[in-house]
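Model the following, please.
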Amino acid sequence: MNFKEELNEEQYAAVTAPDGPALVVAAAGTGKTRTLTYRLAYLVLEKNIHPWEVLLLTFTNKAAKEMLTRAAELIQRPFDRSHSGTFHSFANRLLRSHAGEVGFGRDFTILDADDAKKLVRASADDLGADKKHFPKPEVLLSLFGVVSGRMGDLSAAVDERFENTEVDADEVLRVHARYQARKKESNSMDFDDLLIYALKVLQDNERIRRFYQDEFKYVLVDEYQDTNAIQAQLVHLLVKEHGNLMVVGDDFQSIYSWRGADFRNFLDFEKAYPGAQTFKLQINYRSTPEILEVANEVIAGNPEQFQKELQAVRENGSKPHLAKLRDGSVQARYVIERALELNRHGTPLSEICVLYRSHFHAMELQMELARAQMPYIVTSGVRFFEQAHIKDVCTVLRLLVNPGDELAFNRLLEMFPKVGAKTAQKIFRKFDGRVNLQRPEIHDQLVPMLPAAAREEWEKVKPVFLAYREENLQNDPGEVIFRFNKAFYAEYMVENFDNHKYRAEDLDGLIDFTVKFDTTEAFLSEIALLSNLDAEAGSAPSEEENKNALRLSTVHQAKGLEWKAVFVLFMCEDMFPSKKAIEDTGDSEERRLFYVAVTRAKDELFLCCPMVRRQHDGGMIFLDPSRFLEEIPVDLLQPDGGGFF
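As a prediction, this is how the structure comes out:
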């Protein structure tokens, strides 16, 4: 094979790198997968390495399969005897031979998510954990996983996570200890344990460590900027003797710190591996020069990064559009109009994606799309009004408007401690199918029927229901949601959702959105009608319909994907970048997130910047353009109001 003919100069330099540690800084759209694939082939064809002597570690089975299959085609030999795959699959294979070193049998069971949740719940029951204020198992598992991946202090993390709640941090730690013991007793590991115990085996047993160091003469790691501390340490032990490590990634696209990823593994690679060679892939095959100019300006403001600049090979196209629009509703109509226009000129709707920082940014757009009966797919999860936390708070409004709404009553009661579906149904029947919570005497009858653990919590929400009539809140659904959230639901989210901060942002957006409606009935009717329109338009489109449906996605979920045209919503300060994210970690990761959004576009890029947003208290706030827009020279963008304002 003539590698020089198959690759550009940058790729060729990386693929043919000499032995030793190597860092490949692969900017967006520069052929990262191609480079890794050809590196695999090069090691076999030119270095006479057996396929099973190369270990490729990735984050998804799909990525590993794609690269190994393509490499096998190049060398005409299979890679299927290799340990290559995801970090977790490699750890599993290692432990199937050496689980005894860490106190497990080789026939250990890997708990799936549901099994792990059940075992955490059983561990809490073993210890008689507080039934009133104890986090859901999935919340604890997420926390345990992030902390273990960072090799961090669980006690400090638990204190920080639950500092503003009534959760007993010491009790959480006791449940964690019991959960660990239960897994040992049942010869079971959860997903996080695979990495924890694989690392422990390599750390504690020199014989085994040397075996794997000899077994894998070369190690390649994909998306290294997304590794956490435990993954980086695992890799370090595997290559400690020979140093033949190549890691590939892009610090510009490190956007998962909230999952435990540490981009400093990437930035500090040369410190961790003295003498490492660095290769940069900067020739972009995806986007037009105009889009790449914006991308380069977008990321330039970050202080800690490998400096690189995307270089275009495609011919010139049109400048990215900057649309300054009146508000979110006008933004929604603008996106639909422009998408239809692109479609008329030959771009399939499936090649058009609308990206947003937070789910609530797409609220108005989803409503307008439903009205227009325009097919769309939310690739990053469920549609806005179908999300659990949105349905939860709307349940309060439904029950106030219709005391006979059994589904709403049951959903509401099941949020409270020790109230299950059967208890809720039983109570509803005792009220003969009508529970008017606007009346004080109904609460007097209801409270004694509740389990003891739920009574105190119910007293917190009782004033919200009584105020509906007493303070004439029928015309202010946002105020009802605001009070319910403050009295009860904010803490409920902390204990029940691992991403509670982002769900809180959704509720803030929903509360402001309700100002469009004069009454609670009007708000609920609109949501119900639009949900039904969604269903008629095909909320689960067939494969054929998918081919011509607009894509909607958060930026996080869009990483690694590309479309001909991309819209980015709410390019406004405190929205993109997210105010909460900046308060937590500063704006560097948010800027990288915007860079990811920009570099998803191949031909057309639309940056949308609404100017005002109405609030549920009747006020109106003026939105400042995002700091990221302000950093882009004006001559790189073309104004595009399109008659919308």
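
and the longest strand belonging to the chain, which strands flank it?
Taking DSSP state E as the criterion, the chain has its longest strand at strand 601-610. Neighbouring strands of strand 601-610 in its sheet, by DSSP bridges, are strand 321-325 (parallel), strand 563-568 (parallel).

Deepest-packed of these, please.
Of all the strands paired with strand 601-610, strand 563-568 has the most neighbours on average by mean count of other Cβ atoms under 10 Å, namely a mean of 24. The C-beta positions use only the backbone N, C-alpha and C, and glycine is treated the same way.

Alpha carbons of it, as PDB, please.
What follows is strand 563-568, C-alpha atoms only, in PDB (Å, rounded to 0.1, in the frame of the first residue of the first chain):
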ATOM      1  CA  TRP A 563     -25.400  18.400   8.200                       C
ATOM      2  CA  LYS A 564     -25.600  20.600   5.100                       C
ATOM      3  CA  ALA A 565     -27.300  23.400   7.000                       C
ATOM      4  CA  VAL A 566     -27.300  24.200  10.700                       C
ATOM      5  CA  PHE A 567     -29.300  26.700  12.700                       C
ATOM      6  CA  VAL A 568     -28.100  27.600  16.200                       C
END
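
Residues touching it, excluding its own?
335, 338-339, 342, 347, 351-356, 551, 555, 576, 594, 597-598, 600-608 (Cβ atoms under 8 Å, 6 or more residues apart in numbering).

got it, and stretch 629-645?
290, 293-294, 297-298, 300-301, 318-326, 330, 333-334, 337-338, 571, 606-607, 609.

Mind checking which of these are buried?
Among the contacts of stretch 629-645, those buried by neighbour count (16 or more other Cβ atoms under 10 Å) are 290, 293-294, 297-298, 319-325, 330, 333-334, 338, 571, 606-607, 609.

any idea how far the most far-flung residue of the chain relative to its centre is from R483?
In the chain, the residue that sits farthest from the middle, by Cα atoms, centre = their mean, is E441; the gap is 44.8 Å. Between E441 and R483 the distance, using Cβ to Cβ, to the nearest Å, works out to 21 Å.

just K217 next, same as before
For K217, the distance to R483 - Cβ to Cβ - is 64 Å.

which one of those two has more residues nearby?
R483 (20 against 17; other Cβ atoms under 10 Å).

quick one, strands of the stretch 451-600 of the chain?
550-554, 563-568 (DSSP state E, counting those that start in this stretch).

Give me the nearest residue to the spatially most central residue of the chain, chain neighbours excluded.
Central residue of the chain (Cα atoms, centre = their mean): H556, 5.4 Å from the mean position. Of all residues not flanking H556 in the chain, I255 sits nearest, at 6.2 Å (Cβ to Cβ, 6 or more residues apart in numbering).

try G145
Leaving aside its chain neighbours, G145 sits nearest to D192 (4.6 Å; criterion: Cβ to Cβ, 6+ apart).

List of residues touching the helix or strand containing the one you found?
Using DSSP states H and E, D192 sits within helix 191-204. Outside helix 191-204, the residues within contact range by Cβ under 8 Å, 6+ apart are 87-88, 90-92, 94-95, 98-99, 101-102, 104, 110-111, 113, 116, 144-145, 148-149, 183, 189, 208-209, 212, 230-231, 233-234, 237-238.

State the mean pLDDT of that helix.
Helix 191-204 shows a mean pLDDT of 96.

Could I get the buried residue list for that helix?
Buried residues in helix 191-204 (16+ other Cβ under 10 Å): F191, D192, D193, L194, L195, I196, Y197, A198, L199, K200, V201, L202.

Dump that helix to PDB, restricted to CA.
What follows is helix 191-204, C-alpha atoms only, in PDB (Å, rounded to 0.1, in the frame of the first residue of the first chain):
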ATOM      1  CA  PHE A 191     -20.400  -0.600  34.700                       C
ATOM      2  CA  ASP A 192     -18.100   1.600  36.700                       C
ATOM      3  CA  ASP A 193     -16.600  -1.300  38.600                       C
ATOM      4  CA  LEU A 194     -15.200  -2.700  35.400                       C
ATOM      5  CA  LEU A 195     -12.700   0.200  35.100                       C
ATOM      6  CA  ILE A 196     -12.100   0.400  38.800                       C
ATOM      7  CA  TYR A 197     -11.200  -3.200  39.200                       C
ATOM      8  CA  ALA A 198      -9.300  -3.500  35.900                       C
ATOM      9  CA  LEU A 199      -7.100  -0.700  37.100                       C
ATOM     10  CA  LYS A 200      -6.700  -2.300  40.500                       C
ATOM     11  CA  VAL A 201      -5.500  -5.500  38.900                       C
ATOM     12  CA  LEU A 202      -2.900  -3.800  36.900                       C
ATOM     13  CA  GLN A 203      -1.800  -1.600  39.800                       C
ATOM     14  CA  ASP A 204      -1.500  -4.400  42.300                       C
END
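
Next SSE downstream of it?
helix 206-215.

can you pull the alpha-carbon coordinates of that following helix into CSV?
Extracted C-alpha coordinates of helix 206-215, given in CSV (Å, rounded to 0.1, in the frame of the first residue of the first chain):
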residue,chain,number,x,y,z
GLU,A,206,3.2,-6.8,38.5
ARG,A,207,3.1,-10.2,36.7
ILE,A,208,-0.3,-9.5,35.2
ARG,A,209,0.7,-5.9,34.3
ARG,A,210,3.8,-7.0,32.5
PHE,A,211,1.8,-9.7,30.6
TYR,A,212,-0.5,-7.0,29.1
GLN,A,213,2.4,-4.6,28.5
ASP,A,214,4.1,-7.4,26.4
GLU,A,215,0.8,-8.5,24.8
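
pretty sure E479 contacts L473?
Yes. Between E479 and L473 there is a contact under Cβ atoms under 8 Å: 5.5 Å.

State the distance from H359 to T599.
22 Å.

neighbour-wise, which of the two wins?
The neighbour comparison of H359 against T599 (other Cβ under 10 Å) goes to T599, with 29 against 24.

who touches the more buried one in this structure?
T599 neighbours (Cβ under 8 Å, 6+ apart): A28, G29, R286, S287, I291, L292, A295, L310.

mind running it again at 7 Å?
Contacts here follow Cβ atoms under 7 Å, 6 or more residues apart in numbering; on that basis T599 touches A28, G29, S287, A295.

Pipe those residues into TSV and attach neighbour count per row.
Converted to TSV, these look like this (neighbours: other Cβ atoms under 10 Å):
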residue	neighbour count
A28	25
G29	23
S287	28
A295	28
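
Does Y334 belong to a helix, a strand or coil?
The three-state assignment at Y334 reads helix, by DSSP: H, G, I helix; E, B strand; the rest coil.

For it, give me the pLDDT.
pLDDT at Y334 comes out at 97.

how about the strands of the stretch 451-600 of the chain in JSON lines, adding distance to E364 and mean pLDDT?
As requested, the strands of the stretch 451-600 of the chain are arranged in JSON lines below (distance: least, Cβ to Cβ, whole Å; pLDDT from 0 to 100):
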{"stretch": "strand 550-554", "distance to E364": "12", "mean pLDDT": "95"}
{"stretch": "strand 563-568", "distance to E364": "13", "mean pLDDT": "98"}
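
The ones you listed: which one's closest to N164?
strand 550-554 (26.0 Å; Cβ to Cβ).

neighbours around the residue lying closest to K184 once chain neighbours are set aside, how many?
Spatial nearest neighbour of K184, excluding adjacent residues (Cβ to Cβ, 6+ apart): G103 at 6.2 Å. By the criterion of other Cβ under 10 Å, G103 has 10 neighbours.

Now do the SS call for the closest residue to N436 other than its chain neighbours.
Distances taken as Cβ to Cβ, 6+ apart place P403 nearest to N436, at 4.2 Å, with adjacent residues excluded. Using three-state DSSP, the structure places P403 in coil.

Please report the distance of P403 from K422.
From P403 to K422 the distance is 21 Å (Cβ to Cβ).

If you count surrounding residues, which of the two has more?
Counted by other Cβ under 10 Å, P403 and K422 do not tie: P403 has more neighbours, with 18 against 9.

Pull up the per-residue confidence for that one.
P403 is given a pLDDT of 92.

Let me see the contact set for it.
Contacts of P403 (Cβ under 7 Å, 6+ apart): R434, V435, N436.
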